[in-house]
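Q: Mind folding the following:
(3 chains)
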Amino acid sequence: MPELPEVETVRRGVAEWVTGREIATVEVRHPRAVRRHLAGPVDFAERLTGAIVTGARRRGKFMWLPLDTGDALLCHLGMSGQLLIQPPAAPDGPHLRVRLGFTEGDTELRFVDQRTFGEMLVSVDGAELPGQIAHIARDVYDPLFDAAAFSAALRTRRSEVKRALLDQSLISGVGNIYADETLWRTMVHGGRPTESLTADQVTAMLGHLRDVFDAALAQGGTSFDSLYVKVNGESGYFDRSLEVYGREGLPCRRCGTAVVREKFTNRSSFYCPRCQPPAHMTP
DNA sequence: ATACGGTCCTGTTCGC
DNA sequence: TGCGAACAGGACCGTA
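A: Just a heads-up that it's a prediction; the model follows:
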């Protein structure tokens, strides 16, 4: 599942391959891929055609390609989305959703997405920051990310820590996997009430979050070659570095206690019951 | 305003 | 063996 490190890996690859290129052709293969472009697929294509990509930017799990028109091509990979740089002659495959051709160069940009949770849209005048993601909080790599403000906001919430970590309007880029990894490193159970965390604990948690992201990014950064911008939704390349996610019944890498899996808002949470005692067991 | 469960989607895995 | 159920989950939306 692409979270911040995976999206950043894709952003770097896309930036390298499409910056400065002029979009010549746009083909929307599945309308759902542009469902949030309310003016429709034809308008989507018209706004892109002839525009020059000036870079690739990211906030949290969203990335966008600023265009010389002042608009931006906004993209979210969802659960299974990939952006691929491929030769036009490469086989389409069953999950090709959008294809962008350029006036020059031997490659095209493809949006491939099996589960169609991902999406693309053209944000009018969105080059600097698409209005559609104005509500998305800055992520920990943003120079303007305000740790103190995050800490204050989190601790005044009446919610649970994991839920807060996953709230993209509070802090962006964190998904289910890295939330569990961060909580394990912080030795805090995700069900802990947000107001029960001390400022020092929040500071430590942010440090662990950055460490986990850094480690994943270091791996992701080496995982795509020149013609394939990789987002691996199936057998993730970060599997090796996971300390707790997906390890139900296996020994905690810190203390050896069997990792527990529990239901959390229609998904799974993994934690060590000894290192991360559930809230009701915390003094 | 904040909190939170339901919903979308499809390939894979699981259980009877 | 076959087939339906469960599972994976990010962001949005309606409701309280």
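Q: where along chain A do the helices fall?
A: Taking DSSP state H, the helices of chain A run over residues A:4-18, A:41-48, A:147-156, A:161-165, A:176-186, A:199-220.
Q: now the fifth one, how far from the centre of its chain.
A: So the one you mean is helix A:176-186. Mean-position distance between helix A:176-186 and its chain equals 15 Å (Cα atoms, centre = their mean, to the nearest Å).
Q: Show me the contact partners of that helix.
A: The contact list for helix A:176-186 (Cβ atoms under 8 Å, 6 or more residues apart in numbering) reads A:1, A:3-5, A:161-162, A:165-166, A:174, A:189-190, A:201, A:204-205, A:208-209, A:211-213, A:216, A:238, A:242-245, A:254, A:267-272, A:275-276. For every residue, glycine as well, the C-beta is placed using N, CA and C.
Q: Now look at that helix and say if it contacts DNA strand C.
A: Yes. Residues of helix A:176-186 contacting DNA strand C under Cβ under 7 Å from any atom of the strand: A:N176, A:I177.
Q: can you give me the angle that helix makes with helix A:4-18?
A: Put simply, helix A:176-186 runs at 130 degrees to helix A:4-18, going by axes from the mean of the first three to the mean of the last three Cα atoms, to 10 degrees.
Q: One more: the third one?
A: Regarding helix A:147-156 and helix A:4-18, their directions subtend 140 degrees when assessed with the same axes, to 10 degrees.
Q: do the same with the last one
A: Put simply, helix A:199-220 runs at 40 degrees to helix A:4-18, going by the same axes, to 10 degrees.
Q: Now do helix A:199-220, average pLDDT.
A: Per-residue pLDDT over helix A:199-220 has a mean of 92.
Q: Run through the residues of the stretch 151-283 of chain A sitting next to DNA strand B.
A: So the stretch 151-283 of chain A meets DNA strand B at A:R157, A:R158, A:S159, A:E160, A:R163, A:T265, A:N266 (Cβ under 7 Å from any atom of the strand).
Q: please redo it, this time with the cut-off set to 6 Å
A: A:R157, A:R158, A:S159, A:R163, A:T265, A:N266 (Cβ under 6 Å from any atom of the strand).
Q: picking up where we left off before, now mean neighbour count and distance to A:C75 too, for the helices of chain A, in a markdown table please.
A: Below are these laid out as a markdown table (neighbours: other Cβ atoms under 10 Å; distance: least, Cβ to Cβ, whole Å):
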| stretch | mean neighbour count | distance to A:C75 |
| --- | --- | --- |
| helix A:4-18 | 22 | 9 |
| helix A:41-48 | 18 | 12 |
| helix A:147-156 | 15 | 25 |
| helix A:161-165 | 22 | 23 |
| helix A:176-186 | 24 | 20 |
| helix A:199-220 | 18 | 17 |
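Q: In a markdown table, list these along with distance to A:L84.
A: Below are these laid out as a markdown table (distance: least, Cβ to Cβ, whole Å):
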| stretch | distance to A:L84 |
| --- | --- |
| helix A:4-18 | 9 |
| helix A:41-48 | 17 |
| helix A:147-156 | 34 |
| helix A:161-165 | 30 |
| helix A:176-186 | 22 |
| helix A:199-220 | 15 |
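Q: A:P91 is nearest to which of the ones you listed?
A: Shortest distance between A:P91 and the helices of chain A, using Cβ to Cβ, is found for helix A:4-18: 19.4 Å.
Q: Could you list every helix and strand in contact with the closest one?
A: Under the contact criterion of 3 or more Cβ pairs under 8 Å, 6 or more residues apart in numbering; DSSP states H and E, helix A:4-18 touches strand A:57-59, strand A:62-66, strand A:81-86, strand A:108-113, helix A:199-220.
Q: who's in contact with the residue in the stretch 151-283 of chain A positioned nearest to DNA strand C?
A: Residue nearest to DNA strand C within the stretch 151-283 of chain A: A:G175 (3.2 Å; Cβ to the nearest atom of the strand). Residues near A:G175 by Cβ under 8 Å, 6+ apart: A:M1, A:P2, A:E3, A:L4, A:K61, A:L166.
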